[in-house]
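Colleague: Sequence and predicted structure are below.
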Amino acid sequence: MERFLLIMREDLKKIGQYTDEERFSNIPEMEKWIETIAESGNYVEGNPLKITGRYVSKNNVLSDGPFIEAKEGVSGYDIIKAENLEQAVAFAQACPLVVQGLAVIEVRPLFELPE
């Protein structure tokens, strides 16, 4: 089994205007999706991210958030185990926020360093 990082991307400016209740109204659906992955033994961990933060470069620390100029920013992550990239993509495609067109997920294999 390989491990994969699912990077959740949403319109951070839009969700920044939501109340906490509005932003997290999909939690029950998301929990069911995660439970399905966990029941198969493929879920490792994950969390939503706050929309505040800093963008750091060699010469600057900018304070206008992690979304600088992009419409979509990282709003959360999950780490899963899957047999291959195709299976990891299938898990991501079943995400309720993806199905509803509210988010996209970038699926990236984790490079495992030798011990």
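Modeller: Looks like it arrived, so ask away.
Colleague: State which helix of the protein is the longest.
Modeller: With DSSP state H setting the assignment, residue counts place helix 27-39 as the longest helix in the chain.
Colleague: List the buried residues for whatever helix or strand comes next after that helix?
Modeller: The helix or strand immediately downstream of helix 27-39 is strand 43-48, counting by DSSP states H and E. Using 16 or more other C-beta atoms under 10 Å as the burial criterion, the residues of strand 43-48 that qualify are 43, 46, 48. Where you see a C-beta, it was placed from the backbone N, CA and C, and this is true even at glycine.
Colleague: Distance from the chain centre to the longest helix of the chain, please.
Modeller: Averaged C-alpha coordinates place helix 27-39 at 14 Å from its chain's average position (C-alpha atoms, centre = their mean, to the nearest Å).
Colleague: Next secondary structure element downstream of the helix or strand of the chain with the lowest mean pLDDT?
Modeller: Ranking every helix and strand in the chain by mean pLDDT, DSSP states H and E puts strand 61-62 at the bottom, with a mean of 72. Sequence-wise, the next helix or strand beyond strand 61-62 is strand 72-82, with elements assigned using DSSP H and E.
Colleague: and the angle from that next one to helix 27-39?
Modeller: Counting by axes from the mean of the first three to the mean of the last three C-alpha atoms, to 10 degrees, strand 72-82 points 30 degrees away from the direction of helix 27-39.
Colleague: quick one: strand 72-82 to strand 43-48, angle?
Modeller: Between the axis of strand 72-82 and that of strand 43-48 there is an angle of 170 degrees, by the same axes, to 10 degrees.
Colleague: what lines up beside strand 72-82 in the sheet?
Modeller: Looking at strand 72-82 with DSSP bridges, its paired strands and their directions are strand 2-11 (antiparallel), strand 43-48 (antiparallel).
Colleague: okay if I get the buried residues of strand 43-48 as JSON lines plus pLDDT and distance to residue 4?
Modeller: Listed next are the buried residues of strand 43-48 as JSON lines, based on pLDDT from 0 to 100; distance: C-beta to C-beta, whole Å:
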{"residue": "43", "pLDDT": "98", "distance to residue 4": "11"}
{"residue": "46", "pLDDT": "96", "distance to residue 4": "11"}
{"residue": "48", "pLDDT": "89", "distance to residue 4": "18"}
